[in-house]
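J.: please find the sequence and the predicted model below.
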Amino acid sequence: MSRTILGREISRVKIIDDDRNSRGAMVFTITDADFLALPDDGPLPELAEFVENAKQSVDAVICDHRLSGTYAKFNGAEAAACLYKEKCPAVLCTRWNNADIDAMRQYIRFIPSLLSTDNVDPETIAAGIARCIQEFNDDPPPSRKPWRTLIAVESVAGELLPALFYVTIPGWDSKEIVRLQLDLIPEEQRLRIQPGFRFFAAVNKGAERPEELYFSNFEFPKKG
């Protein structure tokens, strides 16, 4: 069982989920997509070893986000991002995509395929793998292309754990407030994140929803 997606043959698809019933259900979805489903019952090795093993043994990975500590010592977003960096297609499937977006934000740059569990079927899985391969081929869709963009800090909630700050992105949607974790910012610059502060970052301004936005390559004005 295999499919050729953007010139790349995809056959063996590993399933990462700490819930046995969810793994079983995903087996049917992967099989219906004409892939060979390989559910992993865990426990998984350390992240670096897991990624290296996946690179050598499978063609793609379907991964849940929240993984119990007895199943894995990392979460699905970390795994998907690391697999992406190694050119192994990874689709992150989770019902926590909105609730956990703050913690996941640092990985979104390397997760082109984030699916809600309500939207998982054979074709969305295949399309998610295709999005990864498209970026590996240096041909990202407009929603994923980074642009140097002005970021305006609106407020800071430093008393929270983790600390948060709120920004607007005039080049994307000046009316939409986006919440970010302060630890997304380099440590030496965090004290400068105050209401009214402006800086630049690479942002995928073609994103349609706030949870699809990623931020990288921060540029801060020189201190006066």
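T.: Here it is on my side, so go on. All values reported here derive from a predicted model rather than from experimental measurement.
J.: drop to CA atoms for contacts and neighbour counts, all remaining ones
T.: Fine.
J.: does anything pack onto the longest strand seen in the chain? Which helices or strands?
T.: Longest strand in the chain by number of residues (criterion: DSSP state E): strand 147-157. Strand 147-157 is packed against strand 164-169, strand 198-203, with contacts defined by 3 or more Cα pairs under 8 Å, 6 or more residues apart in numbering; DSSP states H and E.
J.: just the strands in this structure please.
T.: 3-5, 8-10, 12-16, 36-40, 60-64, 90-93, 114-115, 147-157, 164-169, 173-181, 198-203, 215-219.
J.: of all the helices and strands packed on strand 147-157, which one is nearest residue 83?
T.: strand 198-203 (21.5 Å; Cα to Cα).
J.: what mean pLDDT does that closest one have?
T.: In this model, strand 198-203 has a mean pLDDT of 98.
J.: in its sheet, what does it sit against?
T.: strand 147-157 (antiparallel), strand 215-219 (antiparallel) (DSSP bridges).
J.: please identify the most buried of these.
T.: Neighbour counts (mean count of other Cα atoms under 10 Å) averaged over each of those peak at strand 147-157, with a mean of 18.
J.: residues in contact with that one?
T.: With contacts defined as Cα atoms under 8 Å, 6 or more residues apart in numbering, strand 147-157 is touched by 163-171, 193-205.
J.: rewinding a little: need the helices and strands packed on strand 147-157 in JSON lines (columns: distance to residue 35).
T.: Converted to JSON lines, the helices and strands packed on strand 147-157 look like this (distance: least, Cα to Cα, whole Å):
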{"stretch": "strand 164-169", "distance to residue 35": "40"}
{"stretch": "strand 198-203", "distance to residue 35": "34"}
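J.: including mean neighbour count and distance to residue 73, could those go into a markdown table?
T.: As requested, the helices and strands packed on strand 147-157 are exported to a markdown table (neighbours: other Cα atoms under 10 Å; distance: least, Cα to Cα, whole Å):
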| stretch | mean neighbour count | distance to residue 73 |
| --- | --- | --- |
| strand 164-169 | 20 | 25 |
| strand 198-203 | 19 | 30 |
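J.: can you say which of those strands is nearest to residue 100?
T.: strand 164-169 (13.3 Å).
J.: for the closest one, what is the distance to the chain centroid?
T.: Relative to its parent chain, strand 164-169 has a centroid offset of 19 Å by Cα atoms, centre = their mean, to the nearest Å.
J.: other SSEs contacting that strand?
T.: So strand 164-169, by 3+ Cα pairs under 8 Å, 6+ apart, packs with strand 147-157, strand 173-181.
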